[in-house]
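> make a model of this:
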Amino acid sequence: MTDLHPDSVEAARERGGAAAEDRPESITEAVERAELGYGDGEPLVGESYQDYPSREELSNPDRGEFLRDLLAHPLVDGLDTAVEEMTGAGDSPTLRKWLSTVEAASEAHSLDVDTLTAKGGDQGGGDTLTSLLGYEPPADVVHRDNPVLVAELYTLGLSVAEIADTLTPRVEGSVSEGHVRDILKTAGLLKGRTRDEQQTAFEDKDGRIGGTTFDRSEGGDSNGLTVNAEDFA
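Numbering: from 1, shown residues only. Below is the predicted model of the structure:
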């Protein structure tokens, strides 16, 4: 639950949108958790995707441990997801070749695929948002404009960028850092004016005289002077 103690609120404001330096290690681990898919997030096995074996190498005796660890990973629930993690290929013929090779390599290494990919209910840990909160929030609570949810994530120690990245996969449309900043400013957890407040202040100072416009978009075109509120968010 969001900590609204005066000291906590002031500390949040002073962070200026950065991650909390003293946040629990569990929060950092949840934010930086591995993601399924070649090149997405951190690799599920080992230190680098460059260390992943090629399709031709999978049956080599020294690759049995890699394949076993991959199949046993909480995010891998079958050969198809194992293939998704091992290759960035998107065309069906290549994926079919990979699937056939992984199946053959598993047999060559005497790996029981069904047993390794069978996951218990508590192994996957859910997505990043669920891991951070410690529970699965109600669907009607998870939306990009919910100030309680955004404030909760910020007081947990997430940065503005991390909040945007955490919410984007769970809501309709992407969540920009500027949008997160606006919500936190409205909630009093960040200092400064929101983009709407900046726009209003600009217009109050005759910002539209002579065809001048105020552009709140990220790179939009307009006639006359263009002021992008993102530069001041």
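> just the element for the closest residue to Leu79 other than its chain neighbours, please.
Nearest residue to Leu79 in three dimensions, chain neighbours excluded: Val102, at 5.4 Å (Cβ to Cβ, 6 or more residues apart in numbering). Quick note: C-beta positions are derived from backbone N, CA and C, even for glycine. Here Val102 is covered by helix 92-108, with elements defined by DSSP states H and E.
> what ranges does this structure have for its strands?
For the chain, the strands defined by DSSP state E occupy 213-215, 226-228.
> the residue nearest to Leu79 contacts Val83, correct?
Yes - contact criterion Cβ atoms under 8 Å: Val102 and Val83 qualify, at 5.8 Å.
> run through this structure and note the low-pLDDT ranges.
1-3, 119-126, 206-233 (pLDDT under 70).
> so who does Leu75 touch?
Shown in contact with Leu75 (Cβ atoms under 8 Å, 6 or more residues apart in numbering): Ala34, Glu35, Leu36, Leu44, Thr81, Glu85, Gly124.
> so what does the third one look like in phi/psi?
Okay, so that is Leu36. phi -70, psi 140 (degrees, to the nearest 10).
> any idea how many residues pack against it?
16 (other Cβ atoms under 10 Å).
> which non-adjacent residue is nearest it?
Leu75 (4.5 Å).
> what of the fourth one?
If you skip the residues right next to it in sequence, Leu44 has His73 as its closest partner in space, 4.8 Å away by Cβ to Cβ, 6+ apart.
> which phi and psi does that neighbour have?
The phi/psi pair for His73 (degrees, to the nearest 10) is phi -60, psi 140.
> how many neighbours does it have?
Neighbour tally, His73, other Cβ under 10 Å: 21.
> same question, Ala20
Quick note: Ala20 (other Cβ under 10 Å) scores 17 neighbours.
> my guess is it contacts Gly157, does it?
Yes - contact status for Ala20 versus Gly157: in contact at 3.5 Å, counting by Cβ under 8 Å.
> coming back round to it: could you report the neighbour count for the residue nearest to Leu79?
Neighbour number of Val102 under other Cβ under 10 Å is 24.
> again with Ala201
With other Cβ under 10 Å as criterion, Ala201 counts 12.
> give me the phi and psi for the nearest residue to it once chain neighbours are set aside.
In space, and not counting its chain neighbours, Ala201 is closest to Arg193: 7.0 Å by Cβ to Cβ, 6+ apart. With angles defined as degrees, to the nearest 10, Arg193 sits at phi -90, psi 150.
> sweet, I'm off.
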